[in-house]
Every structure is written in C-alpha cells, then in structure tokens.
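In: no sequence for this one, just the structure:
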DNA sequence: CTGCTGTTTAGAATAGTTATAAAACTGATT
DNA sequence: AATCAGTTTTATAACTATTCTAAACAGCAG
C-alpha cells in the first residue's frame, strides 16, 4: 500500500532534480506545475494545465501557471508552440521535432524528425542568427 | 493635376475586380480596407491596418477590420501568419513562400522559396489531408 | 412603396495573457 | 532568536487582441 507513496516520492525527487538542473528555484507551486506537466510527454495549453493542477488538490492561480510556464520556456524546460492567437501549446518534449496540427480536432501531433527539413544557416537576413525553427503542418480531417 | 484622380480611379477598379474575382461583395468599408492592404505586398497586423485605414479618411471600426480580414482569409485573398499570442500578421502576398521573423525587431521577412522545404503528402497523421504549411524561422540580431 | 431575407457593421463582451503591488522567503546582523 | 534589507514569487487586477451578437442595411418580391 505504500507503492503510491514511494512512487510519488520518487517522482518528487525526479522533478526536484530536473528543476535544479535547469536552474529553477523550487517552490510548492512550481513543483505541482512541473509534476503535472512532466508526468508524460505532452502538448498542453496554459488553461488545461491550470485545470489539471487545481484538480490535483493544490490551488495555484492562473497567473502563476503562466509565469511559471514563461520561466520554464526561458530556462529551456519546455517549448512554446504558437498555433493561433488563442492557442499556445507548451511541449514538455524539447527535443528537436516539429508538429502536425489538426485544424478540425485541435490536436497537436509530433512529427517524426526525418520528415523535418534541414535548414542552412546561410541566407538568413543580414545581421541575424538562427533562433528557432517553427514548423507546423496544418492538416484537416479527410471527408469520409 | 488629374493624375492622382485617375490613378485612384484605376486603383479603385483594380480592387473592385480583385474582390469580385474572389467572390467578396463590395462595400465602402471593404473597399478602403482592401485598398490599404493591397497597396503593396506587405505583412500587416490588424491593428496597424486599422490605423492606416482610419488615417486615410474613412472611419471603419476595428471589429470590421477583423471581420473583413477573416473574410479575406477564408476567400483566399490574404494569408494569416501566427507569430505569437499577441502578433498575427496578414500577408497580402498569398503565393507559396515562408517567413523569417526577427524576434528583436518584430519584422517579418519573406523567405526565398528555394529555401523552403518540400513536403511529402505521405506520412500525414491517419485520416488527415494537408491543409497548409506554416514555417517561420525565428532569427535574432547578431551581437555587434 | 412595403415587407421580407440575408448580409454587413460595430459596440459590447470575452478570453488569453501580462504588469504590478503585495506577500513570502532568504540570509545577514544584532 | 528576532529584526531588517533585499530579492524572489505569487496572484489580483488590468490590459489587449479577438469574437459575438444585436442592430442597421441592401436587395429583392409582391
């Protein structure tokens, strides 16, 4: 009966280590947020994460969820994916990959890396350096 | 002294034809909006367009600018480019091309097509068809 | 001319996000 | 141990981009 307790303890330590590695100070709020976010590889909106966090017992304000996600992005723990003006996803998988976005269902799906294009660092606008490649293939459901 | 008048008449006719071709009913508001938008190939935000339109004499509400841009997108006259939660650009050039976005300056720059990747229609998620490819290369200013 | 129908407009409302002021923490000093 | 200064974190309140909806309008039929 202590499997749950010991698993959650392990999980807690895993998160502690992760946040430390990326130079993020530990707080109660950040812990719950990270815990929920890194439970698995996922694409989540700030709002959905806010719901999930607050359903898990601990109360955290929506602003804190945003601030924390912003911090995680700056520290490199998660990646922001802008789909449209009202849909920003946070990807708990930061490895180099791109996305399919289903405009009908709203699902964001990982693209196998081999499909992703390889870019040349030459030919960027003068005086600029590559920051990040944002590739989203918008797909729609086939009519049945 | 009638060069201006005749040019604007020509321009008016060009816009009339354009909107007709794409099946957009003509109204006073749509005409000013289209006139401003298609004056040249450009990347413009709804807000900037709203300003430009209202500086040119005719008063149009911001909601109408948004509604009209939405209509133009659906009809295929312009293309939406989502940069982040607070920045949606409308591109008056709908030909197949992609973009560089300078995160320091906020400029959106066309990418020469030959740099753009060529995608395969195979390997899309099951039951889906390609809708549109959104590729934005985020660049930052080189430190001097 | 009058009533009907679909379309267009724009004021008001909404939703996602951010700024700021207050709260909590840290850790040095007495 | 208590106090204080400085810093970090939180979350309320405010903001801004966008959309909804009710009213205005245009075009057609009788």
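Out: Yes, it's here. Computed from a predicted structure; not experimentally measured.
In: might you report the residue contacts of the nearest residue to residue A:91 once chain neighbours are set aside?
Out: Nearest non-adjacent residue to residue A:91, counting by Cβ to Cβ, 6 or more residues apart in numbering or on different chains: residue A:79, 4.5 Å away. (Each C-beta comes from the backbone N, C-alpha and C, glycine too.) Residues near residue A:79 by Cβ atoms under 8 Å, 6 or more residues apart in numbering or on different chains: A:73, A:90-91, A:93-94.
In: now swap in residue A:28 and tell me
Out: Contacts of residue A:28 (Cβ under 8 Å, 6+ apart): residue A:58.
In: just the pLDDT at the residue nearest to residue A:91, thanks.
Out: Here the pLDDT value assigned to residue A:79 is 91.
In: that one and residue A:61: what is the separation?
Out: From residue A:79 across to residue A:61, the span is 23 Å (Cβ to Cβ, to the nearest Å).
In: try residue A:80
Out: Look at residue A:80 and residue A:61: by Cβ to Cβ, they are 20 Å apart.
In: contact partners for residue A:72?
Out: Counted by Cβ under 8 Å, 6+ apart, residue A:72 has contacts A:22, A:24, A:34, A:37, A:78, A:90.
In: one more time with 6 Å
Out: Residues in contact with residue A:72 (Cβ atoms under 6 Å, 6 or more residues apart in numbering or on different chains) are residue A:78.
In: can you check the one 10 residues further on too?
Out: With contact set as Cβ under 6 Å, 6+ apart, residue A:82 has these partners: A:88, B:82, B:84.
In: which SS state does it fall under?
Out: strand (DSSP: H, G, I helix; E, B strand; the rest coil).
In: tell me the residues on chain A that lie near DNA strand C, please.
Out: Within chain A, the residues that sit near DNA strand C (Cβ under 7 Å from any atom of the strand) are A:45-47, A:62-63, A:66-67, A:70, A:86-88.
In: which among these end up buried?
Out: With burial judged by 16 or more other Cβ atoms under 10 Å in any protein chain shown, the buried subset of those is A:45-46, A:88.
In: the more surrounded of residue A:80 and residue A:61?
Out: Using other Cβ atoms under 10 Å in any protein chain shown, the more surrounded residue of residue A:80 and residue A:61 is residue A:80, with 16 against 11.
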